[in-house]
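Asks: Let me see the structure of the following:
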Amino acid sequence: MSFTAGGLFLRESVDVAALYLDLEDWKKVGQRVAADNLLQARTISALKRIYLEIASRLKTLSKEELQFLITSSRQDQAYLLWIAACRRYRLIADFAIEVLRERFITLRKTLDQDAFDVFFNRKAEWHSELDQITPSTKSKLRQVLFKILREADLLTSDKEINPAIPSPALLELIQRGRREEILLFPMVQSSPKGTGR
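Replies: The predicted model follows:
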């Protein structure tokens, strides 16, 4: 549940991805990030925590996806980082499909924090480890998830769900990779080809 470290980290993730594509070694990337304070953190511990979070998400992306990340539009970058966060954290992916997308396709256009609590409590019935999470950690998870949604432009500050409009290039990238990941987005598009959903 380390996604409590922050939000989407768009600018920072693009910088770290570019550095990785240059060095092709995560250890060297970490050393360079620390030496140059690339993330502009106030303390070494904050820098390490943020870098580890960013790196753990970026490591879920293929080299082709990383190259797309550093060259695409800001919106596609945000969408790709949303996919990376969903790959890294099953809880976020489940929320994306079971709550965000479901509400959108059933024409419930708003998403408030109560929806997260209902989702979380339902998950806790099947995953006892979630019962161990303190109320303050649960609150932080909720807060950060909604921040990520807003930063990915999937949710407005007024809690309105924004329909995702990925570029044709990003859609093609998703179709070539894990087609089912289109379900992570609030879109009117039907189920992805070949997933059987």
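Asks: When you work out contacts or count neighbours from here on, use the C-alpha atoms and nothing else.
Replies: Noted.
Asks: so where does the residue of the chain most remote from its centre fall, helix or strand?
Replies: Going by C-alpha atoms, centre = their mean, the residue of the chain most distant from its centre is A35, 26.7 Å out. Taking DSSP states H and E as the definition, one finds A35 inside helix 26-36.
Asks: pLDDT on that helix, on average?
Replies: Summarised as a single mean, pLDDT over helix 26-36 is 95.
Asks: Roughly how far does the residue farthest from the centre of the chain sit from L91?
Replies: Using C-alpha to C-alpha, to the nearest Å, we find A35 at a distance of 33 Å from L91.
Asks: What are the contacting residues of the worst-scoring helix or strand of the chain on mean pLDDT?
Replies: The weakest-scoring helix or strand in the chain, judged by mean pLDDT, DSSP states H and E, is helix 113-126 (a mean of 89). Under the contact criterion C-alpha atoms under 8 Å, 6 or more residues apart in numbering, helix 113-126 has outside partners F95, V99, L130, D131, R142, F146.
Asks: Show me how far that helix is from its chain's centre.
Replies: Helix 113-126 sits 19 Å away from the centroid of its parent chain (C-alpha atoms, centre = their mean, to the nearest Å).
Asks: Over to stretch 10-18?
Replies: 14 Å.
Asks: Take it, keep the C-alpha atoms, and write them as CSV.
Replies: Provided in CSV are the C-alpha atoms of stretch 10-18 (Å, rounded to 0.1, in the frame of the first residue of the first chain):
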residue,chain,number,x,y,z
LEU,A,10,3.7,12.9,-13.8
ARG,A,11,6.6,15.2,-14.4
GLU,A,12,8.9,13.2,-12.1
SER,A,13,8.0,9.9,-13.7
VAL,A,14,8.7,11.3,-17.2
ASP,A,15,12.1,12.5,-16.0
VAL,A,16,13.0,9.2,-14.3
ALA,A,17,11.8,7.2,-17.4
ALA,A,18,14.0,9.3,-19.7
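Asks: May I see the buried residues of it?
Replies: The neighbour-count check on stretch 10-18 (16 or more other C-alpha atoms under 10 Å) flags L10, E12, S13, V14, D15, V16, A17, A18 as buried.
Asks: out of the residues you listed, who's nearest T60?
Replies: Looking at those and their distance to T60, the nearest is A17, at 11.6 Å (C-alpha to C-alpha).
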